[in-house]
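Asker: below is the sequence, then the predicted model.
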Amino acid sequence: KPSLLDHKEVETYFHEFGHVMHGICSQTETSRFFGTHVERDFVEAPSQMLENWVWKEESLRLMSKHYKDGTPLPKEMLDKLVASKNANAGGFNLRQVFLATFDQRLHTMKGAPDTAQLVTDTMKEIVGIDTIPDTNFAAIFGHMVGYDAQYYGYLWSEVYSQDMFQSRFDKEGVMSLKTGMDYRNMILKPGGSVDGMELLKNFLGREPNETAFLRSKGLAV
């Protein structure tokens with residue numbers, strides 16, 4: 001039996017490959033502004049952008065089949081997969097808000113913090129549940145190092161990625177060569193040599209907004 005990927009693993013693969021493409025497609029005069037050397041609350045937008053293609057039937061059919069006989073996934077199965085996208089979306093996004101808030105509070109506290117208590121208090125406040133006794137999530141929260149109070153950038157960047165995808169690719173075609181080249185040249189190619197907000201305005205033709213992000217979470221806007 002070959003090594004097969006489940007759908008969640010494919011989504012993760014596309015996410016990380018979005019960072020790869022940011023580096024491959026970037027062309028800047030200095031390495032300081034190359035590829036992912038952009039604002040921390042913009043850097044996840046190109047990676048989150050690619051995740052969208054694992055939720056569209058047209059692109060899913062290009063990357064999936066039965067490993068034994070090559071038959072395509074049944075339409076009913078694809079429909080159910082796509083429909084499951086927002087399952088537990090509320091819980092997942094509350095977790096992201098919790099992580100971002102904990103990160104901000106930890107990096108702005110004076111003195112040596114009690115990280116276990118801070119996790120417990122913040123989790124209860126935002127998610128509404130208790131942590132497991134005698135545990136300290138902060139000890140395994142790797143994004144505290146490197147992101148340094150900027151974990152909020154994951155949700156912030158998703159506002160941009162959803163706006164770009166829904167405003168251009170959803171309307172012009174997820175496999176549109178022209179839209180793909182616009183994205184490559186206007187978003188990926190400049191790297192950090194142009195401010196992220198200017199890149200977005202160039203690609204969208206307007207200021208970005210949160211409407212597509214909220215819609216992607218299943219909210220009526």
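Answerer: Cool, the structure landed.
Asker: what helix or strand is R95 on?
Answerer: Under the criterion of DSSP states H and E, R95 resides in helix 89-108.
Asker: just want the angle from the helix or strand following that helix to helix 89-108.
Answerer: Scanning forward in sequence from helix 89-108 by DSSP H and E, the next helix or strand is helix 115-126. If you take axes from the mean of the first three to the mean of the last three C-alpha atoms, to 10 degrees, helix 115-126 sits at 140 degrees to helix 89-108.
Asker: show me how far helix 115-126 is from its chain's centre.
Answerer: 24 Å (C-alpha atoms, centre = their mean, to the nearest Å).
Asker: chain neighbours aside, what residue packs nearest to the residue nearest the centre of the chain?
Answerer: Geometric centre of the chain, nearest residue: Q48, 3.0 Å, by C-alpha atoms, centre = their mean. The shortest distance from Q48 to any non-neighbouring residue, by C-beta to C-beta, 6 or more residues apart in numbering, is to S161 (4.1 Å). C-beta here means a position set from N, CA and C on the backbone, and glycine is covered the same way.
Asker: now do the same contact list for that neighbour.
Answerer: S161 makes contact with 44-46, 48-49, 51-52, according to C-beta atoms under 8 Å, 6 or more residues apart in numbering.
Asker: between which two of those residues is the distance greatest?
Answerer: The most widely separated members of the contacts of S161 are E44 and N52, with 13.4 Å between them, by C-beta to C-beta.
Asker: how about the nearest residue to A100, chain neighbours excluded?
Answerer: Looking at A100 with C-beta to C-beta, 6+ apart, the closest residue is Y152, at 3.9 Å.
Asker: from D121, how far out is that neighbour?
Answerer: 18 Å (C-beta to C-beta, to the nearest Å).
Asker: out of the two, which sits in the more crowded spot?
Answerer: Y152 (18 against 14; other C-beta atoms under 10 Å).
Asker: and that one, what does it touch?
Answerer: Contacts of Y152 by C-beta under 8 Å, 6+ apart are 41, 100, 103-104.
Asker: pull out the buried residues from the helix or strand of the chain with the lowest mean pLDDT.
Answerer: The least trusted helix or strand in the chain, going by mean pLDDT, DSSP states H and E, turns out to be helix 144-147, with a mean of 83. Under the neighbour-count criterion of 16 or more other C-beta atoms under 10 Å, helix 144-147 has 144, 147 buried.
Asker: can I get the CA coordinates of that helix in PDB?
Answerer: C-alpha atoms of helix 144-147 as PDB (Å, rounded to 0.1, in the frame of the first residue of the first chain):
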ATOM      1  CA  MET A 144       5.900  32.100  21.300                       C
ATOM      2  CA  VAL A 145       9.500  31.900  20.100                       C
ATOM      3  CA  GLY A 146       9.900  33.500  16.700                       C
ATOM      4  CA  TYR A 147       6.400  35.100  16.500                       C
END
